[in-house]
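Asker: structure for this input, please:
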Amino acid sequence: MPNTKTSSENTATSKTMESNAEVVWKIYDAFRRADLKAARALLTDDVVWELKGKSPLAGAYRGPDNVLGYFGQLMERSSGSFRIEMIDVAGGKEHGVSYNKASANRPGKHLDLTENLIFQVHDGKIASVVQVAHDQYAWDTFWS
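Answerer: Okay, the predicted model is just below:
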């Protein structure tokens, strides 16, 4: 099917896609720096962060306070060892997708896996996230 968009429409779409990927990079950077104020500024007031699986952490975290609380739980349960290594980010018209490595330690347990997060971005802020570990069993076992 031929592209029926004008050059300016294609340019605007391209900039939105780049911008959405940049928002994802920014929130990872804020979490890496433990800058909760910067992370909060990137979340909509009604953000929903959905964690798949069966671990005690699985479920939907609604609102910035609950999303940030989820990350607090990750750090608390891992005695501060939880780390994310960003591998790549792609942006689309309304979404950004990240591919990263997650690692952490707990007594007698070690987590080392990859995951994807699908971010829905509205007006430069994250409206929703679906977090999916590539080895869901390992994720669930580690946090249980």
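
Asker: okay, now residue 89: neighbour count?
Answerer: By other C-beta atoms under 10 Å, 19 other residues sit near residue 89. In this view, the C-beta of every residue, glycine as well, is placed from N, C-alpha and C.

Asker: over to the one 3 residues further on?
Answerer: Neighbour count of residue 92, defined by other C-beta under 10 Å: 16.

Asker: contacting residues for the most centrally placed residue in the chain?
Answerer: For the chain, the residue sitting closest to the mean C-alpha position, by C-alpha atoms, centre = their mean, is residue 117 at 4.8 Å. Neighbouring residues of residue 117 by C-beta atoms under 8 Å, 6 or more residues apart in numbering: 24, 97, 98, 100, 129, 130, 131, 132.

Asker: what about 10 Å?
Answerer: Going by C-beta atoms under 10 Å, 6 or more residues apart in numbering, residue 117 touches 24, 27-28, 49-51, 84, 89, 96-100, 126, 129-133.

Asker: and what of residue 111?
Answerer: Residue 111 neighbours (C-beta under 10 Å, 6+ apart): 78, 81-83, 102-105, 133, 135, 138-139, 141-143.

Asker: wait, is it part of a strand?
Answerer: Yes - Residue 111: assigned to a strand according to DSSP: H, G, I helix; E, B strand; the rest coil.

Asker: can you tell me how far it is from residue 138?
Answerer: Distance from residue 111 to residue 138, counting by C-beta to C-beta, to the nearest Å: 7 Å.

Asker: any idea how far stretch 18-28 is from the chain center?
Answerer: 10 Å (C-alpha atoms, centre = their mean, to the nearest Å).

Asker: where do the contact lists of residue 111 and residue 138 overlap?
Answerer: By C-beta under 10 Å, 6+ apart, residue 111 and residue 138 have these common neighbours: residue 102.

Asker: list the contacts of the helix or strand containing residue 67.
Answerer: Residue 67 is part of helix 64-77 when elements are defined by DSSP states H and E. Helix 64-77 has contacts (C-beta under 10 Å, 6+ apart) with 27, 31, 34, 36, 39-49, 51, 55-57, 59-61, 63, 80-84, 102, 104, 106, 126, 129, 131, 142-143.
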